[in-house]
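Participant: Coordinates for the following, if possible.
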Amino acid sequence: MNPEVIEISDEESDGNTLFDRRGILAPVVARVVDALGGYEGGTYVMGDQVNGCLKDLKKLWRKDETDDERTVARLFWEMRVLPNDLVAILLETAGKGLVEDKRAINCVDLMTAMTWPIDMAEELKELDEELDKGTDYTQLLQSHLRYKVALLKPGVIQAMFGIMLPPLAKPARDRIERDSQVINVVLHLIRNLAFIRDLAHNSQLSSDQAEYSNLQSKLIRELSETHTFDLLLTIASNVDNDPHFNGWNTLVLEILYLLFRGINPTSLTIDQAKQPAEKLQRLLALENQTRRELTRNAASRHSRFGTTISVKLNPNKRKPSTSDNRGEEDNTGDRASRSFVLHRQQGISGESGSIMDLTKRQRAKKANKPDEFGLIDNLSMEARMVLQNLASEFVDACFNPFLSGLLKDIRSERPKITEKDNLRLLFVAKWFLEFFLAMRSKEKPNQENNKWHFGLVAEVTERSWIIWVLKRMREAVEEKPKLWTELQAGVQCLTQLLLLIDEMASSEITDLDLREAADLLQQQLVYNGEVLDIAIDSLKQYRPGTQSLAYLDASVYLAYALLRMLESWGKTKGAGTYVRQKVSKKRRKKTGVSEEDGIPDVEEEEEPEEVVNETLFTFEAFEAKFAQTEITQTLLTYLARYHEFSSPDCMRRVVSLLHRQAVKAKAEGLFFKVSTLNLFKSILAEHKTLPRDQPYKDAIALINYILRQFFKALEKDNFLAIETFFPKNRGSWKQFSSWEPESKTKPSKSVVDTRFPPDVEIKKGYSWGDQLGIAIAALVEDEQSSLVKWMTELLTTVIRMRSRIIEEIDGQREDDTAENDGEDNEDARALLWKTPSADAMAKITDYLVPYVSDEQADAATKNVHMKLLFRLCKFFILDEDADELEWYVPAAILVEELQRTLNVINQFLEMPFNLDGKKVSQLLSKKRRRRRRRSPSPSCENDSDGEPKRSKRRERKKKEKEIYKSAQLIEDSDAEYGDMDTFLEKEKEARQRAILAAEAAGTSRPATMKATGTKKRRKKGADKEPQSKKKKDSPSSAHSDEDVERASSEENPTDSDLEVIADVIAKKATNSSRPARPRPKARPATTVDLAPSLFALADADANSELPDIDERTTPITASHTQRGKRVILSDDED
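Facilitator: Down below sits the predicted model:
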């Protein structure tokens, strides 16, 4: 191998051997650069292989794509490749007419790569903390500035423009892809030159360094002289006609953005020849104001003798005289009465406190964020005249088609569109709109053949454009982190749009079509409501240091322009206009679902669901929305910069907004804060040095008004002095203001029920059993297995109750076959459950789910997963409008179906549902909230009897609460329940009435009793023998839980029924050592113990045999709720 050949490989070395990248690349770059050519006798002579060397340099340049140090770029700069060789080769080829020479095209290609903008933020993110610790990009940024100087030499821009002419001269059908690439490269090079920023003006720089402060002005002049601006205007105006031009519209957009950023559009509307004189006058006025402020606070000529002032703190304070803590209190008194010495003459007439504050250490303030659009304007007069002509021609011929083509590309999501193009389009549209309005204001109002007519900017009034601007602003707020710069551009663009619409609707416009279009735009903007929300939110969201001062100025300007437009519009055409209010709710977004199995192909995501309400718009109500603490703080932050205001318009805007808060909204209490009062004090102290413009006078008058209101409120409530140290949020300012609440309007008929969390449901594609397993898995995942156990207990109770009723009524059909074995009995029982008789179904009633604890009540009301399990088990809600939902099991649900549900739940508890690695939340979706009617007005809520329905429901619930009390709070005790003698006397009277009724009927027993003395069964044939007789001797059946539950679930007993029960209790009372009392039901337990039913007691009474039951120890466990029923052993009950 030749030792002089050096191989360069992109492959990584196998070991950890470190090598010097610069030492390897430097000789290669030097040899290629030497082969390009050199100067001989003042003339540059190209080498024989110039084209190949240029290609080699481009290959070497690509080595930096994986090098954070940018070694090749640094070598190119050190060897001065661009100033010494590339510029010379370009001038020798394209500069002499050889515009199609490959060497010239390769030179431009390499120049474009070498001047490509460096994104410092991205570069610093990619640096390694250890390996790239010494990396410095200052040299690369300085090299770009030197490259710009070299490319602005005479003839270079002309040669670059000449390279683009041959491809442009070809017809559209004859152009090939290379022609478009050549034009694209040259336009990118122009973009790169416009991107390079000049150095700031500094009078201490040398003449050579001062040249770097005027490069942008020189570039603008060169582009104008070489007719490059004409080419840009041609591309911008023909983006719809020529597809090749459409491919370069984003480049033209970026070039315009870079040329006009930092320039105030209003400054280009005046005569540029008078601009230097006006600028000098403005600087002299600023200097004069600064001198007056210094003179006002400066010491007089007598201060050369010095000034010494002694200030004593608390001179009237008495010294402590106690001797116990003499030493400590004397020291405290010395500190309190200590003297301070001031050496400033201002202390004679001024406040000593403010003089002492000058010597204190100032707290460091958070630096303001720089503005990306607010660069320093250092352009020369010639450059400004060129940009003025460029802006006028662009608005006249290119504005509408250029914006239309770009908006079409953005909405089509073409690959050439980047995120920054949205920001640039917003800025360019805002800049030219402001320029248009400023130029239009210079002309006479009713001048015929007006050059600046509204048709020049008609594109921004289209619905598609306004929708896109609002969409970009909405997306900028939703991004994390928020895109404040793009939001600022959107606010500025929206402000100019409002000013344009307001100008179209002014009385000076005689064209009726224009005024009608303006009225329609205003009405649509108000109805949409989003512009109104943006104006409020932009002021509320400002935080110093987070957003720039330009964002603050834009937010204040938007609110000022919007309120001004709405005020004038509301006086004439604003009556009866509605505004949309969007309430966002989250819902599941449906994605692709295969038709075969119905399983989602893509994971579904949540997206907000918007509910739109329409309310009547009134300007006063919208103006009152600005009376908020956050908005006031933002406005005061803006007002505190009154020294930096560039024009009286800034003071006019903020004073107008403050006046709307303090006077029109009657929210002067927002300003009753120590920091605000201190700001007002500073402004009043300097009011003599403020400008004499009317906005500053209005500011002084507003401050005096707020201070008068403050001292009036202080006289009424002395504690307001303490409240000034605390923020006025959550409406606390209202008690100190003259604000009055608005009269309540009639509510809408229907509203969305938001009392409880939105219910969930299983996504499609799952069977009933799988849905039950998913619901159980959701509860188990949330560590709520106790709720599933509660559900099994409920099902077990309902099954036991209903099967007991079926066995009692339908069991007689199987008495003849009672000799069968156990398996046949099981089959018979299953048959009874599956096909119960009509009498048994009539006996079965709805089962109301009891809530033993608050946890169960909250779960049944607010737990979406538990409510889902209830619905899958075929439980239903008793009253949807109740504050606490009550579930019940309908009587029509068969025991067989309940048993199947219980079996499935037990199966999934033993073997959980297989989720296939997914989360339960991925298998659930939110149900749409139901709409419920709002409470009607008092005039229409009365029913036919004149009693309000709501009050009826409330009284019924109150009565139920009194009747159905929970057994949880009832304890067993030996204490007597009232006077027993009185109770027995009432029962005796009841028996006498029953005997008299029997005698009147011609019988010797009560009409409701049989000959055997048992209670008459309801809805039962007389030929059937009661089952309680047959089972009274069995301990397991005597203590029947079902009988207690049945007695509690029946309707109130008749008088005759109560008489029988009273007889039983009376006999037991005579035979017992202590009198009997009404028996309360205890709380339900896990194991159900059977208690004697009232019918069993009645049978025992007939046979004169009472079972020996200890009421203190026998558990009676029936399912009860706080609204559970209780048997009342008295006929006083209705």
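Participant: before we move on, what SS does residue 880 have?
Facilitator: Here residue 880 is recorded as coil under DSSP: H, G, I helix; E, B strand; the rest coil.
Participant: Let me know the pLDDT of it.
Facilitator: If you check residue 880, the pLDDT there is 79.
Participant: if I look at it, how far off is residue 665?
Facilitator: Using Cβ to Cβ, to the nearest Å, we find residue 880 at a distance of 41 Å from residue 665. No exception for glycine: its C-beta is placed from N, CA and C like everyone else's.
Participant: Between those two, tell me which one has more neighbours.
Facilitator: residue 665 (20 against 9; other Cβ atoms under 10 Å).
Participant: Pull the contacting residues for that one.
Facilitator: The contact partners of residue 665, taken as Cβ atoms under 8 Å, 6 or more residues apart in numbering, are 623, 624, 626, 627, 739.
Participant: try residue 386
Facilitator: 220, 221, 224, 229.
Participant: farthest-separated two in those?
Facilitator: 221 and 229 (10.5 Å; Cβ to Cβ).
Participant: May I ask you to confirm that residue 22 belongs to a helix?
Facilitator: Yes. Counting by three-state DSSP, residue 22 falls inside a helix.
Participant: Show me the shaky parts of the stretch 751-900 of the chain.
Facilitator: 751-755, 811-834 (pLDDT under 70).
Participant: Would you mind putting the contacts of residue 665 into a markdown table with pLDDT, secondary structure and distance to residue 164 alongside?
Facilitator: Conversion of the contacts of residue 665 to a markdown table gives the following (pLDDT from 0 to 100; DSSP: H, G, I helix; E, B strand; the rest coil; distance: Cβ to Cβ, whole Å):
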| residue | pLDDT | secondary structure | distance to residue 164 |
| --- | --- | --- | --- |
| 623 | 87 | helix | 56 |
| 624 | 86 | helix | 59 |
| 626 | 88 | coil | 53 |
| 627 | 88 | coil | 59 |
| 739 | 75 | coil | 66 |
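Participant: ok, of those residues, which one's closest to residue 287?
Facilitator: Within the contacts of residue 665, proximity to residue 287 (Cβ to Cβ) peaks at residue 626, which comes in at 37.7 Å.
Participant: That closest one: how many residues sit nearby?
Facilitator: Neighbours around residue 626, by other Cβ under 10 Å: 22.
Participant: surely it meets residue 658?
Facilitator: No. Counting by Cβ atoms under 8 Å, residue 626 does not reach residue 658; the two are 9.9 Å apart.
Participant: about what we covered before: who wins on neighbours among the contacts of residue 386?
Facilitator: Ranked by neighbour count (other Cβ under 10 Å), the contacts of residue 386 have residue 220 at the top, with 22 neighbours.
Participant: Please name the residues that touch the closest residue to that one other than its chain neighbours.
Facilitator: With Cβ to Cβ, 6 or more residues apart in numbering as the criterion, residue 220 has its nearest non-adjacent residue at 4.3 Å, and that residue is residue 383. With contact taken as Cβ under 8 Å, 6+ apart, residue 383 is in contact with 216, 217, 218, 220, 221.
Participant: Tell me the buried residues in stretch 535-554?
Facilitator: By neighbour count with 16 or more other Cβ atoms under 10 Å, stretch 535-554 contains the buried residues 535-539, 541-542, 547-554.
Participant: Hmm, I typed the wrong one, I wanted stretch 266-278.
Facilitator: For stretch 266-278, the neighbour count (16+ other Cβ under 10 Å) marks 267, 268, 269, 272, 275 as buried.
Participant: same check, this time on stretch 676-693
Facilitator: For stretch 676-693, the neighbour count (16+ other Cβ under 10 Å) marks 676, 677, 679, 680, 683, 690 as buried.
Participant: Mind checking the pLDDT average for that stretch?
Facilitator: The average pLDDT within stretch 676-693 is 89.
Participant: Endpoint to endpoint, that stretch covers what distance?
Facilitator: 23 Å (Cα to Cα, to the nearest Å).
Participant: can you give me the strands for the stretch 701-850 of the chain?
Facilitator: Along the stretch 701-850 of the chain, the segments classed as strands by DSSP state E, counting those that start in this stretch run 750-752, 760-762, 847-848.
Participant: The stretch 301-450 of the chain too?
Facilitator: Along the stretch 301-450 of the chain, counting by DSSP E, counting those that start in this stretch, strands occupy 309-312, 339-342.
Participant: and what of the stretch 501-650 of the chain?
Facilitator: 578-588, 606-616.
Participant: Return the mean pLDDT over the last one, rounded to an integer.
Facilitator: In other words, strand 606-616. Strand 606-616 carries an average pLDDT of 67.
Participant: how long is stretch 432-450 end to end?
Facilitator: Start and end residues of stretch 432-450 are separated by 18 Å (Cα to Cα).
Participant: Find the least confident helix or strand in the chain, judged by mean pLDDT.
Facilitator: When the helices and strands of the chain are scored by mean pLDDT, DSSP states H and E, helix 1094-1102 comes last with a mean of 36.
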